[in-house]
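Asks: this one's structure only:
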């Protein structure tokens, strides 16, 4: 990952500077909430993809950073609202914003980030960029809505799960790549290839996330099996459930439907999932998506950025937390 | 108000039909929340203004209804989030959405309405429409944020109050007029006049609302003085406070800061405000804004719609609930 790390080191300062400028434009009363979520870390994956895709297609100007951070702002807005909705205690190893600032400022900060990002995109005066951004907003919201409607249901199909993660995770990563390509003035085929790369990377990203949810807490430093407690039937969990005896499955289903799993239950299920290799199966599925992402990449010009984006698929596959 | 009523009777069916189509495009799990807020009534003032301004400037097509309802969707999204933030029990005489559907579906329905409206506007392929819509989103959010930051503070200045209502109410009404003018292809002067009309009507609308908050509950059918209980220092209340004796003011300030007013206290304050004519003073101030709106209207072509928009200023001034 030498190329990716070197490039990230180069791109992070201008990305963070553009983000800082955008935060300063928010109302003072919501700035601390926005700062909290941005300072808590995050990989800046989405703005990085905007910039890389734009550079890959020949963009040389630096206004691209202003556009790129809109995707991080949209991402942060959804995280703020999600944490309130999930009543989550922590995010990225830090206390969740609403536990520090209260529910009202957190919801408002999300609304303000989204509105500001929307305004920043509109200032570029290009309807295609506006459409791309608003599709990302809609699809992400739709994915979240579907996820919440599906929580604690054992009969969620693989197709529904696919629709959930395509909406809540993959679309925003897709839109980031698409936006970079659009901004650079890529032709229809190039924009489609960029979108294709992003959507497949996004699907893989979420599948790996779902596998990591059951990783050993000694390795990740966070409790294992949050998804089972929140009633999310991710692929490792669907496989686990399928392999239970009928009697075990009945008691699993009751606890899953009612959200009765303790931290110990979740840790035990995580262990069983790792032992039976169901998390590895999700990573295999992720690899299929990454292979498709690499094929999409081959339809784009050969250059340094193409190499970095190739390396990124390794990063998505291999990350340990 | 003969012209306004007749025109409303003509425009409501296509507006409600376009709204219905937009709701049908939402995810099934949030449709009931959206239907609830739209079925609970509302005057459809914002889409009506989009349509009237577009017609005034020569627009003859009916796609304008699709654009017009985006403003009602943005309005509904803010109402849904506001009711959650204010923990309000009712809205437009019906139970508030979150009391029926829960906080999570209500926040998500707001997010989905905003995202969908944003997408509908983007489909018109005109950056000016996107900018107009996103400015409305940002300014409305900024107004709400400022209002919440100012709650329960007795030292809120008239300037801050002005900034609050210009954001939370006037901007969306301004943007509705601006959007109609932009869609019709109005020239720069006409778009500015339309925006000017809308902003002034919006300011007047909120001032009358603030006066009505202290109206006799026997007339309005709802408790008087909600604003004093929520710690909102609106103009009638600022005047009331200024006319208290120093001792009375000290005890008012304590109760206001701590949100200690009972329904009886609020009703008593409402009575005093009406007796001393402080609500009438807010209506006078509203009239100043309406006069400015009428002057802006004179800068636009003389036609049927101009007459309807002139009548609308009477409606805003005279409404009793």
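Replies: Now that the structure is in, tell me what you want to look at. Here the structure is a predicted model, which means the values were calculated and not measured.

Asks: And the most far-flung residue of chain A relative to its centre, how close does it get to residue A:238?
Replies: In chain A, the residue that sits farthest from the middle, by C-alpha atoms, centre = their mean, is residue A:247; the gap is 36.0 Å. According to C-beta to C-beta, to the nearest Å, residue A:247 and residue A:238 sit 19 Å apart. Every residue, glycine included, has its C-beta placed from N, CA and C.

Asks: Stretch A:107-120 near chain B at all?
Replies: Yes - for stretch A:107-120, a contact with chain B is found by C-beta under 8 Å from any C-beta of the partner chain, at A:107-108, A:111-112, A:114-116, A:118-119.

Asks: Including secondary structure, neighbour count and pLDDT, could those go into JSON lines?
Replies: Output for those, formatted as JSON lines (DSSP: H, G, I helix; E, B strand; the rest coil; neighbours: other C-beta atoms under 10 Å in any protein chain shown; pLDDT from 0 to 100):
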{"residue": "A:107", "secondary structure": "helix", "neighbour count": "27", "pLDDT": "87"}
{"residue": "A:108", "secondary structure": "helix", "neighbour count": "27", "pLDDT": "87"}
{"residue": "A:111", "secondary structure": "helix", "neighbour count": "29", "pLDDT": "89"}
{"residue": "A:112", "secondary structure": "helix", "neighbour count": "28", "pLDDT": "89"}
{"residue": "A:114", "secondary structure": "helix", "neighbour count": "29", "pLDDT": "91"}
{"residue": "A:115", "secondary structure": "helix", "neighbour count": "26", "pLDDT": "88"}
{"residue": "A:116", "secondary structure": "helix", "neighbour count": "25", "pLDDT": "90"}
{"residue": "A:118", "secondary structure": "helix", "neighbour count": "29", "pLDDT": "89"}
{"residue": "A:119", "secondary structure": "helix", "neighbour count": "21", "pLDDT": "88"}
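
Asks: name the element the residue farthest from the centre of chain A belongs to?
Replies: helix A:246-258 (DSSP states H and E).

Asks: Give me the helices and strands touching that helix, please.
Replies: helix A:235-242 (3 or more C-beta pairs under 8 Å, 6 or more residues apart in numbering or on different chains; DSSP states H and E).

Asks: Need the contact partners of the helix it packs on.
Replies: A:154, A:156, A:158, A:161, A:207, A:210-211, A:213-214, A:227-228, A:233, A:249, A:252-253, A:256, A:269, A:272-273, A:276, A:278-279, A:281-282, A:285 (C-beta atoms under 8 Å, 6 or more residues apart in numbering or on different chains).

Asks: residues of that helix that come out buried?
Replies: Across helix A:235-242, burial judged by 16 or more other C-beta atoms under 10 Å in any protein chain shown covers A:235-241.

Asks: from those, which single one is nearest residue B:221?
Replies: residue A:237 (52.2 Å; C-beta to C-beta).

Asks: Mind telling me what element residue A:269 is part of?
Replies: Per DSSP H and E: helix A:263-275 holds residue A:269.

Asks: how far does whatever helix or strand comes next after that helix sit from the chain's center?
Replies: Of the helices and strands lying after helix A:263-275 in sequence (DSSP H and E), the nearest is helix A:278-298. In terms of C-alpha atoms, centre = their mean, to the nearest Å, the centre of helix A:278-298 is set 16 Å apart from its chain centre.

Asks: and if you look at stretch A:195-203?
Replies: Stretch A:195-203 has its C-alpha centroid displaced from the chain centroid by 11 Å (C-alpha atoms, centre = their mean).

Asks: Would you check that residue A:303 makes contact with residue A:56?
Replies: Yes - Residue A:303 lies in contact with residue A:56 (C-beta atoms under 8 Å); the separation is 6.0 Å.

Asks: thinking again about what came up before, max pairwise distance over the residues of stretch A:107-120 next to chain B: which two?
Replies: Once C-beta to C-beta is applied, the residues of stretch A:107-120 next to chain B give A:107 and A:119 as the farthest pair, at 18.8 Å.

Asks: which residues of chain A fall in strands?
Replies: A:90-91, A:94-95 (DSSP state E).

Asks: Can you tell me how far residue A:162 is from residue A:141?
Replies: 17 Å.

Asks: Ignoring the adjacent residues along the chain, who's closest to whichever residue of the stretch 151-300 of chain A sits closest to chain B?
Replies: Of all residues in the stretch 151-300 of chain A, residue A:167 sits closest to chain B, at 9.3 Å by C-beta to the nearest C-beta. What sits nearest to residue A:167 in space, not counting adjacent residues and going by C-beta to C-beta, 6 or more residues apart in numbering or on different chains, is residue A:143, at 2.1 Å.

Asks: Give me the neighbour count for the one you found.
Replies: Neighbour count for residue A:143, taken as other C-beta atoms under 10 Å in any protein chain shown: 23.

Asks: Which residues does stretch A:44-57 contact?
Replies: Here stretch A:44-57 has contacts from A:7-8, A:11-12, A:15-16, A:18-19, A:64-65, A:67-69, A:71-72, A:75, A:172-173, A:176-181, A:183-186, A:190, A:194, A:198, A:201, A:205, A:300-301, A:303, A:305-306, A:308-309, using C-beta under 8 Å, 6+ apart.

Asks: Okay, and which of those map to helices?
Replies: Among these, DSSP state H puts A:7-8, A:11-12, A:15-16, A:18-19, A:64-65, A:67-69, A:71-72, A:75, A:172-173, A:176-181, A:183, A:190, A:194, A:198, A:201, A:205, A:305-306, A:308-309 in helices.

Asks: surely residue A:30 meets residue A:105?
Replies: Yes - contact status for residue A:30 versus residue A:105: in contact at 6.1 Å, counting by C-beta under 8 Å.
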